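Trainee: Show me the folded form of this:
(2 chains)
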Amino acid sequence: AQSVTQPDIHITVSEGASLELRCNYSYGATPYLFWYVQSPGQGLQLLLKYFSGDTLVQGIKGFEAEFKRSQSSFNLRKPSVHWSDAAEYFCAVGAWTNAGKSTFGDGTTLTVKP
Amino acid sequence: EAGVAQSPRYKIIEKRQSVAFWCNPISGHATLYWYQQILGQGPKLLIQFQNNGVVDDSQLPKDRFSAERLKGVDSTLKIQPAKLEDSAVYLCASSFGGSGETQYFGPGTRLLVL
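Mentor: Predicted coordinates:
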């Protein structure tokens, strides 16, 4: 069975600082990997996804993530955080046979200090 | 383009009562998903439809939950009878195709069972 661990429940960064959110997954084959953002009143939105190919994936809003098979990780990064990035972030893993059946982590809440 | 619509947005019921949620996906999207998101956790897939057929319902508590998508467009999720632990946000999402396609989420229905 697939699973996702987001080790950091809450992260606080200063505006303009860099950001890295950690995600570790467990899956027996090549996974589909996703990062979503959930803002109050705005629902859940896909930031980026990895299926195959280049292990560095670019997403919307200036985010990127790197797939590291040897570490079973898919960490999300942003070089300079904006106050509007404050939200909850979810990593998810999908099965090769059905990426739609994604398993989500429990999320990391990002607070941005002015 | 209109997004995924859900109603109601909020619902408060007493345990053992029944409740129904409605979802209208983005026009032309063949795949529809229902998720349950308990406070402090990531979304959990309950059921996935492809047109009007069920692709996966392995995590749907079938003794009390049911869902249908009769004409392959909008969908209804029902809980009967509700338990306290069903208090959660119920999210509907849709995608154009199946596996790997970007899922677009609705705003959710927040259910409180007293």
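
Trainee: Quick check, the residue in chain A closest to chain B?
Mentor: Closest residue of chain A to chain B, C-beta to the nearest C-beta: residue A:104 (3.0 Å). (C-beta placed from N, C-alpha, C; glycine too.)

Trainee: who's in contact with the closest residue to that residue other than its chain neighbours?
Mentor: Nearest residue to residue A:104, sequence neighbours excluded (C-beta to C-beta, 6 or more residues apart in numbering or on different chains): residue B:42, at 3.0 Å. Counting by C-beta atoms under 8 Å, 6 or more residues apart in numbering or on different chains, residue B:42 touches A:4, A:90, A:92, A:104-107.

Trainee: which SSE is the residue most central in space within chain A in?
Mentor: By C-alpha atoms, centre = their mean, the mean C-alpha position of chain A lies nearest to residue A:35, the distance being 3.4 Å. Element membership for residue A:35, per DSSP states H and E: strand A:32-39.

Trainee: Each with direction, which strands does the following helix or strand past that strand pair with?
Mentor: With elements assigned by DSSP H and E, the helix or strand that comes after strand A:32-39 is strand A:43-50. According to DSSP bridges, strand A:43-50 forms sheet pairs with strand A:32-39 (antiparallel).

Trainee: which residues are contacting the strand it pairs with?
Mentor: A:21, A:23, A:25, A:44-51, A:59, A:61, A:63, A:65, A:67, A:74, A:76, A:87-96, A:99, A:102, A:104, A:107, B:99-100.

Trainee: cool, stretch B:78-92 as well?
Mentor: So stretch B:78-92 is in contact with A:43-44, B:4, B:6, B:13-21, B:23, B:25, B:32-39, B:43, B:64-67, B:75, B:77, B:105-106, B:108-114, going by C-beta under 8 Å, 6+ apart.

Trainee: Which of those are buried, as a PyMOL select command?
Mentor: Selection of buried members from the contacts of stretch B:78-92 for PyMOL, criterion 16 or more other C-beta atoms under 10 Å in any protein chain shown:
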select buried, (chain A and resi 43+44) or (chain B and resi 4+6+13+19+21+23+25+32+33+34+35+36+37+43+65+66+67+75+77+105+106+108+109+110+111+113)
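
Trainee: related to what we said a few turns ago, for the residue nearest to the centre of chain A, give me the pLDDT.
Mentor: Note on residue A:35: pLDDT of 97.

Trainee: do the same with residue A:113
Mentor: Per-residue pLDDT puts residue A:113 at 96.

Trainee: wait, what's in contact with the closest residue to it other than its chain neighbours?
Mentor: Take residue A:113 and drop its neighbours on the chain: the residue closest to it by C-beta to C-beta, 6+ apart is residue A:14, 4.7 Å away. For residue A:14, the contacting residues are A:81, A:112-114, by C-beta under 8 Å, 6+ apart.

Trainee: Sort out which of those residues are buried, if you could.
Mentor: The neighbour-count criterion (16+ other C-beta under 10 Å) marks A:81, A:112 among the contacts of residue A:14 as buried.

Trainee: and the contacts of stretch B:78-92, which of them are in strands?
Mentor: Counting by DSSP state E, the contacts of stretch B:78-92 place A:43-44, B:6, B:13, B:19-21, B:23, B:32-37, B:65-67, B:75, B:77, B:105, B:109-113 in strands.
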